[in-house]
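Q: below are the sequence and a predicted model for it; my questions follow.
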There are 2 protein chains.
Amino acid sequence: MSVIDTLIDRLPDGRVLTDPDVIDSYARDKTFCEPGKALGVVLAGSREDVVTTLRWASEHRVPVVPRGAGTGLAGAATAGDGSIVLSLARMTAIRELSPADEIAVVEPGVITADLDRAAREHGLMYAPDPSSYEISTIGGNLATNAGGLRCVKYGVTRDSALGLEVVLADGRVLNTGRRTMKGVTGYDLTGLFVGSEGTLGVITAATVRLRRAPESPPATFAAEFGSLREAGAAVSAIMAAGCQPSLLELLDRATLEAIDDMRSIGLEAATMAMLIGQSDATDSAAAVARMQEVCEANGAAFVAVSSSPAEAEELIGVRRMAYHAKERLGACLVEDMCVPRSVLPDMISAIEAAAVRHGVKICTVAHAGDGNLHPVFIFDRGASEPPPEVWAAADEVFTRALALGGTLTGEHGVGLLKKRWLALETGEVVEEIHHGIKAVFDPLGILNPGKAI
Amino acid sequence: MSVIDTLIDRLPDGRVLTDPDVIDSYARDKTFCEPGKALGVVLAGSREDVVTTLRWASEHRVPVVPRGAGTGLAGAATAGDGSIVLSLARMTAIRELSPADEIAVVEPGVITADLDRAAREHGLMYAPDPSSYEISTIGGNLATNAGGLRCVKYGVTRDSALGLEVVLADGRVLNTGRRTMKGVTGYDLTGLFVGSEGTLGVITAATVRLRRAPESPPATFAAEFGSLREAGAAVSAIMAAGCQPSLLELLDRATLEAIDDMRSIGLEAATMAMLIGQSDATDSAAAVARMQEVCEANGAAFVAVSSSPAEAEELIGVRRMAYHAKERLGACLVEDMCVPRSVLPDMISAIEAAAVRHGVKICTVAHAGDGNLHPVFIFDRGASEPPPEVWAAADEVFTRALALGGTLTGEHGVGLLKKRWLALETGEVVEEIHHGIKAVFDPLGILNPGKAI
């Protein structure tokens, strides 16, 4: 009996897939990171399946690579040789949704937007909204501490996680956190698991915080600037004016050109950056009017303000097109970094300089209110991985981000992709502590080895 | 040369205090927890002093009890026999305050309200405001993950902590987190230190998030109810109506009587509970008018609404008097728990029932919007610690809180005081993980032994 057969034996029928092509489709995320040859895929249907799988993996020292929908952008769900892929995508129950306490208890396979929709039936919302939220899972969002557009106002996934049910490497079940808004009993294990990319345990349920959904429709604006510096100054001024945007996105010239090329948006030759912002406050129109004034005071050439939900959707639609527009240009290395808001223009200038110096096409969008940038490095579609000049440009960009007081990843995580730069930010003491903590939860090192730390 | 002399030798002059009376005054917090005989007190003036002290403590296996201003309410700063008290109260520099990035870098001895005032000079605020914030330090607030009145809108201390400089037990310096609004590089070590009560390391600097200060003066209301259940229903309804109070406090009849006894507030015989709320939104008057309506719809007998900042202060003043009014009644065991908001009335009823059953006077106030209650158990001032009937009543109250889906502490921490109940909430697996994590940071177990976990 092969090792994988002993697992098939222990799990209910149909839980383990061993077809090589199927395995391969479960062995990668949205990056180009090339997987190894995994032994099989477990489609967990319950916490018990997860317990069984991890006990078996501990006995046989088999690496386990947990995954949700595989929409990750850092390679954290890339399966290695001889590993088992543990998919949580079938655990889709919303176990509880309490409007009175504004919490939900959900399984990891729940699609993020589905939870949001379920909450909205009660006048609530689930705030974190990574761009992938129509296809990504809560479990994956928790594993990477996903951000999103709304987090400029509502915070990231960690800010909505109250408690977790986690299966440890040896199959024991750990319950962290609470159902209450506040609580300080013991160490913050919930926060520790969020963003740990499946290296400390496998989340089988989460208690998350819901928030009141805005009652009035949001108001939206799009402002065109003749320079990045003006757009950056407008971002700082909007935040300083206390406008509380529920979304504040910046698109650079390269991104706007890619969009205009895909579907004409009437891009002016002089437009070097666009800022798209939204308010979901009770007085959203007034808040957007104020943001418009601030943009104009900071040199905006033109500001469009929505006068209907349809027009608002159209303005936001420009931002939504960004990724598809870039994909038309070639293969994409989608990167992620966060800098203090005041140096956003410096960071974008550094990205533009690196693009020129290394002869690489880079299109940048930013969750500008948070200082979180996504430079997308374009390269030849035929290449299996980014060519040396892309890595050289990325090296330069990340070195600059750290020099400006920034961090290597704002919301995508470290996975495999960022490990080449990790030591630049963390240093020796942090690395030692990381590995010490990892050993407490996973002494045999079977949980997503080689990722995150 | 005695052990303490070897420390005196290594530190700058005047840093170590050895007078027994002085030591005793530094060996306790605001609880009645009786300290042991500490060896001395280090008044750290710099990170280097902390490094020297911890290296020495590691060499000599001397327990170290870190402390800020000693305003804690769970005994976490109680010094044990043979320990060194490490006071961070003299490290009071605000190293940096960046209005553009809305962050500050502060040393642990900064008084919380001082940071808030410094921020307000730039139109910003430091949001966390434990009741002690005029006398407590940021370091102590971080160590306990302090809450406060405003956290119903702005979150607790952890929600404002971006990064930390920590000296580990062996004297190494660890830098956690970041200066940016978002960031997911590595495990959330910042969150792990916040609330760890000095058991994992000694915080020597913190990068904290500031927020825009409200521009208009807040509006305030006080509502009187004939029953706790109505007041509890009003709390849920206010939150459900999306009123976003910046403060929402509930006072029970026993507390109101104590206040009325100290300074007449014209307490009606039929008033069983009072709700005091505030809005700091741009349209604060409208928000308070809405809260008033909700209170009236939920049976409030009378609602006073402030028409000036002075009147607002007067209404809030009633809440501020609560603690002093209770202190006049006898010695106080100030307790702390948090329950899901919907069961707030059940929890208060359970507290009242325990008071009757055990013949103990209990006065309760609650940060009601968060479901965070502070029942204060009154006992004879002559007693050195609470008598058995107080512990019996507290046992009953905490058992009920857990049964209602609550937690043992919302914002005060576990310290020494809550350890008697800790296992009821955490269980075996959590305890094992706690101790595993503790051993990673502090393998010799010298940091605040016996506290928190």
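A: Looks like it came in fine. The structure presented is a predicted model; accordingly, all values stated were derived computationally and were not measured. Numbering: from 1, shown residues only, chains lettered A, B, ... in the order given.
Q: I'd assumed A:Pro218 was in contact with A:Ala285.
A: No: the pair A:Ala285 / A:Pro218 is not scored as a contact, 9.8 Å apart, by C-beta atoms under 8 Å. From N, CA and C alone the C-beta is placed, and that goes for glycine too.
Q: between the two, which one's more packed in?
A: Ranked by neighbour count (other C-beta atoms under 10 Å in any protein chain shown), A:Ala285 and A:Pro218 place A:Pro218 first, with 22 against 17.
Q: ok, A:Leu417 touching A:Ala74?
A: Yes: here A:Leu417 lies in contact with A:Ala74, judged by C-beta under 8 Å, at a distance of 4.5 Å.
Q: any common contacting residues for these two?
A: Counting by C-beta atoms under 8 Å, 6 or more residues apart in numbering or on different chains, the shared contacts of A:Leu417 and A:Ala74 are A:Thr31.
Q: contacts for stretch A:421-429?
A: Everything outside stretch A:421-429 that qualifies as a contact, by C-beta under 8 Å, 6+ apart, is A:395, A:398-399, A:402, A:407-408, A:414, A:431, A:434, A:453, B:168, B:172-175, B:185-186.
Q: strands along the stretch 151-300 of chain A, start to end?
A: A:161-167, A:173-177, A:202-209, A:211-212, A:219-225, A:247-252, A:273-279 (DSSP state E, counting those that start in this stretch).
Q: quick check: which of those is nearest to A:Ala325?
A: Ranking those by proximity to A:Ala325 (C-beta to C-beta) places strand A:247-252 first, at 10.0 Å.
Q: tell me the angle of the closest one relative to strand A:273-279?
A: Comparing the axes of strand A:247-252 and strand A:273-279 via axes from the mean of the first three to the mean of the last three C-alpha atoms, to 10 degrees yields an angle of 170 degrees.
Q: list the contacts of the residue most central in space within chain A.
A: Chain A has A:Ala146 as the residue nearest its centroid, 3.6 Å off, counting by C-alpha atoms, centre = their mean. Each residue near A:Ala146 by C-beta under 8 Å, 6+ apart is listed here: A:Pro128, A:Pro130, A:Ser136, A:Gly140, A:Val156, A:Thr157, A:Glu411.
Q: what do you get if the cut-off is 7 Å, keeping everything else the same?
A: Contacts for A:Ala146 (C-beta atoms under 7 Å, 6 or more residues apart in numbering or on different chains) come out as A:Pro128, A:Pro130, A:Val156, A:Thr157, A:Glu411.
Q: what residue ranges in chain A score low on pLDDT?
A: Within chain A, no range satisfies pLDDT under 70.
Q: give me the domain ranges for it.
A: Following automatic domain parsing, one gets these domains for chain A: A:3-87, A:94-212, A:216-320, A:329-443.
Q: mean neighbour count, those domains: which tops it?
A: Highest mean neighbour count among those (mean count of other C-beta atoms under 10 Å in any protein chain shown): domain A:94-212, with a mean of 23.
Q: does A:Ser58 count as helix, strand or coil?
A: Under DSSP: H, G, I helix; E, B strand; the rest coil, A:Ser58 falls in the helix class.
Q: if you could redo that for A:Leu333, that was the one I meant.
A: A:Leu333, by the three-state scheme (three-state DSSP), is strand.
Q: can you tell me how far the residue nearest to the centre of chain A is from A:Gly68?
A: Look at A:Ala146 and A:Gly68: by C-beta to C-beta, to the nearest Å, they are 10 Å apart.
Q: what parts of the stretch 101-250 of chain A come near chain B?
A: Counting by C-beta under 7 Å from any C-beta of the partner chain, the stretch 101-250 of chain A comes close to chain B at A:101, A:144-145, A:147, A:156, A:172, A:174, A:178-189, A:191-192, A:194-196, A:212, A:215, A:236, A:242.
Q: recalculate using a threshold of 6 Å.
A: A:101, A:145, A:147, A:156, A:172, A:174, A:178-188, A:191-192, A:195-196, A:212, A:242 (C-beta under 6 Å from any C-beta of the partner chain).
Q: among the residues you listed, which are in helices?
A: A:Gly191, A:Leu192 (DSSP state H).
Q: so the closest residue to A:Thr207 other than its chain neighbours bridges to which residues?
A: Leaving aside its sequence neighbours, A:Thr207 sits nearest to A:Gly163 (C-beta to C-beta, 6 or more residues apart in numbering or on different chains; 4.0 Å). A:Gly163 has the following beta-bridge partners by DSSP bridges: A:Gly177, A:Thr207.
Q: about what we covered before: a markdown table for the domains of chain A, including distance to B:Trp391?
A: Converted to a markdown table, the domains of chain A look like this (distance: least, C-beta to C-beta, whole Å):
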| stretch | distance to B:Trp391 |
| --- | --- |
| domain A:3-87 | 37 |
| domain A:94-212 | 19 |
| domain A:216-320 | 47 |
| domain A:329-443 | 34 |
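Q: quick one: contacts of stretch A:305-324?
A: A:Pro217, A:Thr220, A:Phe221, A:Ala222, A:Glu249, A:Thr255, A:Ile259, A:Ile276, A:Val288, A:Gln292, A:Val365 (C-beta atoms under 6 Å, 6 or more residues apart in numbering or on different chains).
Q: isn't A:Val414 up against A:Ile453?
A: No: look at A:Val414 against A:Ile453 with C-beta atoms under 6 Å: they stay out of range, at 7.4 Å.
Q: contacting residues for the residue nearest to A:Thr207?
A: Contacts of A:Gly163 by C-beta under 6 Å, 6+ apart are A:Thr176, A:Gly177, A:Arg178, A:Thr190, A:Thr207.
Q: tell me who's in contact with the first one.
A: Taking C-beta under 6 Å, 6+ apart as the contact definition, A:Thr176 lies against A:Gly163, A:Leu164, A:Leu189, A:Thr190.
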